[in-house]
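J.: Build me a model:
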Amino acid sequence: MTSDAPPKKPRKSRAEPVAAERPRGGVRAVSDLLPDIGAAAFRRFGFVQSSIVSRWAEIVGDRYARVSTPESIRFPHGQRADGVLTLTVEGAHGTMMQHISPEIIDRVNRFFGYTAVAKVAFRQGDVRRDAPRAKKAAEPAAVPADLGDSLRAIVDPELKAVLEALAIGVSQPQSIPKIGKIN
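T.: Numbering: from 1, shown residues only. The predicted model follows:
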């Protein structure tokens with residue numbers, strides 16, 4: 001009773017270690033995770049590239065960016081060209097924006113590097129404006145005399161600057177914040 005069946009291959013044991021693509025339990029920087037999360041959210045709402053939202057003022061100019069914001073880009077099924085850019089336009093600026101829509105199409109396509117947008121659709125609504133942040137004028141405080149002498153011997157300018165800032169922070173009295181009810 002001989003069988004003509006080919007010999008069985010030995011099974012691979014499940015206990016054999018498998019090379020991992022990345023170390024498990026390793027620490028990853030938040031900046032590594034956010035572009036992926038943001039890209040997925042932007043893609044869901046019709047943006048191929050999130051930078052069109054963040055760089056809108058550079059693309060169309062400050063004058064038009066104050067009254068409009070990109071809402072979405074919709075492409076024909078299976079394509080990434082000849083899309084429809086939907087803009088939210090503030091108040092009565094819609095007519096002006098319709099008038100310059102060929103220029104907007106040209107600028108957006110130049111930004112992408114190919115004919116990404118063929119048409120612009122407008123929707124009237126409120127445009128969120130980022131308030132200009134006032135820069136806090138920090139007066140340089142003097143390094144305390146007793147600490148300043150010991151810092152002069154440090155040669156590395158970056159280390160010296162950090163230690164001077166630390167010395168200034170330690171020497172200035174700051175009020176302790178009161179949390180809760182203190183009697």
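
J.: Please enumerate the strands of this structure.
T.: Under the criterion DSSP state E, the chain contains strands at 68-74, 83-89, 117-124.

J.: export the ones you listed to CSV and tack on mean pLDDT?
T.: Below are those laid out as CSV (pLDDT from 0 to 100):
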stretch, mean pLDDT
strand 68-74, 90
strand 83-89, 93
strand 117-124, 94
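
J.: who wins for proximity to residue 157 among these?
T.: Comparing the strands of the chain by their distance to residue 157 (C-beta to C-beta), the top pick is strand 68-74, with 43.4 Å. (C-beta placed from N, C-alpha, C; glycine too.)

J.: Same question for that closest one: list its buried residues.
T.: 68, 69, 70, 71, 72, 73 (16 or more other C-beta atoms under 10 Å).

J.: Contacts for stretch 114-127 next, please.
T.: Residues from elsewhere that reach stretch 114-127 (C-beta atoms under 8 Å, 6 or more residues apart in numbering): 48, 66-69, 71, 73, 80-91, 94, 97-98, 101, 104-105, 108-109.

J.: and the gap between residue 111 and residue 166?
T.: Distance from residue 111 to residue 166, counting by C-beta to C-beta, to the nearest Å: 44 Å.

J.: of these two, who's got more company?
T.: Each of residue 111 and residue 166 has its neighbours counted (other C-beta atoms under 10 Å); residue 111 has more, 17 against 13.

J.: The more buried one contacts residue 53, doesn't it?
T.: No: between residue 111 and residue 53 there is no contact under C-beta atoms under 8 Å: 11.8 Å.

J.: low pLDDT regions in this protein?
T.: 1-49, 129-141, 144, 146-148, 173-183 (pLDDT under 70).
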